[in-house]
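Student: Here is the input, now give the coordinates:
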Amino acid sequence: IRMAELTLQPDACVAQIAREHGINDNLLFNWRNLHRQGLLDPANRAALIPITMEPVTPPPRQNGVVSTDIPPVISCRLTLSGGSLNLTGPLTPELLRTLIIELRDGEL
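Tutor: Numbering: from 1, shown residues only. Next up, the predicted model:
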């Protein structure tokens with residue numbers, strides 16, 4: 001954002017600013033255009049959200065042997081300013097990754 005703002009100064013040379021920062025001038029022109037459109041607003045940046053991890057209870061034992069017939073129950077609780085979301089069941093890494101991407105990129 002700072003470099004895009006530098007290009008908006010009077011008498012600024014985009015190519016020179018790009019060279020000084022070791023980037024391609026076309027990339028800086030693109031950033032400047034995005035900045036002018038308000039698409040580089042720091043308030044719109046992705047933010048880290050706190051998570052809480054709880055220990056997983058081991059599967060029940062039968063005659064001293066861990067049973068592998070019962071699938072593990074996985075749950076995920078996501079708390080945001082507007083409320084909480086609880087997911088329980090066969091949560092795959094792909095499903096959780098998609099959920100995180102949608103929450104990060106979507107309009108909540």
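
Student: Can you list the low-confidence ranges for the chain?
Tutor: Along the chain, segments meeting pLDDT under 70 span 42-47, 58-72, 81-82, 106-108.

Student: Would you map the strands across it?
Tutor: Remark: strands assigned in the chain by DSSP state E are 61-62, 65-66, 74-80, 83-89.

Student: Nearest to I100 among these would be which one?
Tutor: Of all the strands of the chain, strand 74-80 sits nearest to I100, with 8.7 Å by C-beta to C-beta. From N, CA and C alone the C-beta is placed, and that goes for glycine too.

Student: out of the strands of the chain, deepest packed?
Tutor: strand 74-80 (a mean of 13; mean count of other C-beta atoms under 10 Å).

Student: Need the contact partners of that strand.
Tutor: Identification of contacts with strand 74-80 by C-beta atoms under 8 Å, 6 or more residues apart in numbering yields 49, 51-52, 56, 84-91, 96, 99, 103, 108.

Student: now it against strand 83-89, angle please.
Tutor: Taking axes from the mean of the first three to the mean of the last three C-alpha atoms, to 10 degrees, one finds strand 74-80 and strand 83-89 inclined to each other by 170 degrees.

Student: partners of strand 74-80, with directions?
Tutor: strand 83-89 (antiparallel) (DSSP bridges).

Student: Run through who's touching the partner strand.
Tutor: Under C-beta under 8 Å, 6+ apart, the answer for strand 83-89 is V73, I74, S75, C76, R77, L78, T79, L99.

Student: picking that back up, which two in the contacts of strand 74-80 are spaced the farthest apart?
Tutor: V56 and L108 (28.2 Å).

Student: about what we covered before: closest one of the contacts of strand 83-89 to R32?
Tutor: The closest of the contacts of strand 83-89, once distances to R32 are taken by C-beta to C-beta, is L99, at 34.1 Å.

Student: how many neighbours does the closest residue to H21 other than its chain neighbours have?
Tutor: Leaving out its chain neighbours, the residue that sits closest to H21 by C-beta to C-beta, 6 or more residues apart in numbering is M3, at 5.8 Å. Neighbours of M3 under the rule other C-beta atoms under 10 Å: 17.

Student: Now do the contacts for M3.
Tutor: Counted by C-beta under 8 Å, 6+ apart, M3 has contacts I17, A18, H21, I23, L28, W31.
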